[in-house]
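[1] got a predicted structure plus its sequence, pasted below:
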Amino acid sequence: MSTFTIPVGPLHVALEEPMYFRFDVQGETVANVDIHAGHVHRGIEYLVTKRNIFQNIVLTERICSLCSNSHPQAYAMAVEQIAGLTVPPRAEYLRVIADEIKRVASNLFNVSVLAHLVGFESLFMHVMEIREMMQDVKESVFGNRMDIGANIIGGVRYDITPENAEYLKAQLDKVEPAIAEVTKIYRTNGSILGRTRGIGVLSREDAINCSVVGPVARASGIEYDVRLKAPYSAYPNLQVPVHTLKDGDVWSRAMIRLAEAATAIGIIRQCLVQLPDGPTACTSERPAIPPGEAIAKCEAPRGELIYYVRITDSPRPERVKWRVPSFMNWDALRFMLKDAKIADIAIIVNSIDPCISCTER
């Protein structure tokens, strides 16, 4: 059997962002894979030390588009710990609403791309049409479709009026049954099952050894969700079910994302019912931030996002460092792609929902 090497990237039709893969292939089977990053390094960890503490709320939101709300949220939580700020209850619920709206849109995007890679173009367009409803929600509630600018240090910069709440409920009433319909298709359609079941398997043991997080971990039977293991914002007051599967294949990761999109809608509904009155920020002025250091983490759509912030007497932070979910999930591809077919490479890579830009910080 012939053995040869296939280079993929850093610019390739199968990749949304630049990354270099070198596949050693025997016939049609992948024998080994090397992954090389560093093609879109933007030096953002350096840039945050050149801006003041409050300007970095804007900068951190631009680290990643699909997880854009989670970055400034974790950053703000770390700064709030240092400053001893107490976020008002209403703001905590509003943070959760913004978080879960982004989760629905992010998960649907990944699932739609899977349909595209399988060759099920009509399903791809259908899922993207459902996601477009959530994009309309973001534009109507926050004024933007991607970087929604919801968080500030000490609270949020937006509020939900009764009219906004009714509109949001109406949109959720449309999206929820649509997600249930798509879930049924992914559960029963032969084209989807044939290309995803038993493909790109990551065992529970390998998942633990790679320290994977988010839907990738939960699809391999690891019941870990920051919203429950280290509750933050209003999550301690909400019912947040954790979905897990045991097979650890591409199909399982897609089903976890669909289940969590449906769960996110339920969480948003809980927030709208429980939403308390009161201010949306702890102060109308910029709070004073003393020297100190803190760690904060949240459950981004791709998994656990951790921020470390160190502040001195300077108005600019001395150090800000983050560990994104994709950083942990990349390594697992070596196990998922082992003995995979060439035709399944793009499907397996997409199944970890990789974000190269936020990994290369």
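    Looks like it came in fine.

[2] what about Ala294, neighbour count?
    Neighbour count for Ala294, taken as other CB atoms under 10 Å: 16. To be clear about C-beta, it is placed using only N, CA and C from the backbone, and glycine gets the same treatment.

[3] would you map the strands across the stretch 201-350 of the chain?
    Counting by DSSP state E, counting those that start in this stretch, the stretch 201-350 of the chain has strands at residues 292-300, 303-311, 319-323.

[4] for these, which one sits closest to Ala76?
    Nearest of those to Ala76, taken as CB to CB: strand 292-300 at 8.1 Å.

[5] now tabulate the strands of the stretch 201-350 of the chain in CSV and tack on distance to Ala207 and mean pLDDT.
    CSV is the format used below for those (distance: least, CB to CB, whole Å; pLDDT from 0 to 100):
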stretch, distance to Ala207, mean pLDDT
strand 292-300, 17, 96
strand 303-311, 12, 96
strand 319-323, 17, 93
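
[6] tell me the most buried of the ones you listed?
    strand 303-311 (a mean of 23; mean count of other CB atoms under 10 Å).

[7] who's in contact with that strand?
    53, 67, 70-71, 74-75, 77-79, 82, 212-217, 224, 226, 289-299, 317-325, 328-329 (CB atoms under 8 Å, 6 or more residues apart in numbering).

[8] tabulate the CA atom coordinates of it in PDB.
    Taking Å, rounded to 0.1, in the frame of the first residue of the first chain, the C-alpha atoms of strand 303-311 are listed here in PDB:
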ATOM      1  CA  GLY A 303     -16.400  25.300  26.400                       C
ATOM      2  CA  GLU A 304     -14.500  26.500  29.400                       C
ATOM      3  CA  LEU A 305     -12.900  30.000  28.900                       C
ATOM      4  CA  ILE A 306     -10.400  31.100  31.600                       C
ATOM      5  CA  TYR A 307      -9.100  34.700  32.100                       C
ATOM      6  CA  TYR A 308      -6.200  35.800  34.300                       C
ATOM      7  CA  VAL A 309      -5.800  39.500  35.000                       C
ATOM      8  CA  ARG A 310      -3.100  41.300  36.900                       C
ATOM      9  CA  ILE A 311      -3.400  45.100  37.600                       C
END
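
[9] parallel or antiparallel, which strands does that strand pair with?
    strand 292-300 (antiparallel), strand 319-323 (antiparallel) (DSSP bridges).

[10] let's have the strands of the stretch 201-350 of the chain in CSV, adding distance to Ile265.
    Putting the strands of the stretch 201-350 of the chain into CSV (distance: least, CB to CB, whole Å) gives the following:
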stretch, distance to Ile265
strand 292-300, 16
strand 303-311, 20
strand 319-323, 28
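
[11] out of the ones you listed, which is closest to Arg204?
    strand 303-311 (15.8 Å).

[12] next one: Leu228 from Leu94, what distance?
    Distance, Leu228 to Leu94, using CB to CB, to the nearest Å: 20 Å.

[13] quick one: which of the two has more around it?
    Legend: neighbour count by other CB under 10 Å for Leu228 and Leu94, higher for Leu94 (26 against 14).

[14] list the contacts for the residue nearest to that one when sequence neighbours are not counted?
    Ranked by CB to CB, 6 or more residues apart in numbering and with sequence neighbours excluded, the top spatial neighbour of Leu94 is Val156, at 4.7 Å. By CB under 8 Å, 6+ apart, Val156 lies in contact with Ala91, Leu94, Arg95, Ala98, Ala150, Thr280, Ala281.

[15] out of those residues, flag the one nearest to Ile265.
    Closest to Ile265, out of all of those and judged by CB to CB, is Ala98, at 14.1 Å.
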